[in-house]
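Asks: model the following, please.
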Amino acid sequence: MKLAVVAVGTRMPPWVDAGFAEYAKRMPRELPLELVEVKPEPRTSGKPVVVMMAAEAERLRAALPPRCRRVVLDEHGRDLTTRALFERLTAWTAEGDDVAFVIGGPDGLDAQFKKEATETMRLSSLTLPHGMARVMLAEALYRAVSLLKGHPYHRD
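Replies: You can find the predicted model right below:
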């Protein structure tokens, strides 16, 4: 099984790339974590926001691994504790499908794309910069995997 973070946005600050890479390299071989960046629609184009989000949704669909479980990150999604994420990860591992966590662009995700998701979760009740969300998600996944592997990284 593979884990992917599929995110709208390119050219993140170096600290975002370094933070994500740090947690990705800590992941075990049997649960690799990959970042797939999707080009955002230019916000200076004058197009309506819904049109821009629809264009980004098409790029996201094209970037998703085949036959993957889609987990959309959204402020209205399910709030998971580390233990709950560990339980989801355990179930996903048993099912064997790859899992793609999708982070939208500056205006969020297209409504239809969200409806197509397998599930929706949120990282925080706070509004987060997209780069920070990548790093926080990578750390949360590493923390859940450390529970799965019996590693002492997480402390209840």
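Asks: show me where pLDDT drops low in this structure?
Replies: Per-residue confidence for the chain (pLDDT under 70) gives these ranges: 151, 154-156.
Asks: middle-most residue in it, spatially?
Replies: Within the chain, the residue whose C-alpha comes closest to the C-alpha centroid is Phe101; the distance, by CA atoms, centre = their mean, is 3.0 Å.
Asks: which helix or strand contains that one?
Replies: Secondary structure here is read from DSSP states H and E; on that basis Phe101 sits in strand 99-103.
Asks: what's that strand in contact with?
Replies: Where contact means CB atoms under 8 Å, 6 or more residues apart in numbering, the residues beyond strand 99-103 that reach it are 1-9, 36, 60, 64-65, 68-73, 92, 109, 113, 117, 130, 133-134, 137, 141. In this view, the C-beta of every residue, glycine as well, is placed from N, C-alpha and C.
Asks: among those, which lie within strands?
Replies: Taking DSSP state E, the ones among the contacts of strand 99-103 that sit in strands are Leu3, Ala4, Val5, Val6, Ala7, Val8, Val36, Arg69, Arg70, Val71, Val72, Leu73.
Asks: what's the most distant pair in these?
Replies: Comparing every pair within those by CB to CB identifies Val8 and Arg69 as the most remote, at 19.0 Å.
Asks: which one's more surrounded, these two?
Replies: Higher neighbour count among Val8 and Arg69: Val8, with 24 against 19, using other CB atoms under 10 Å.
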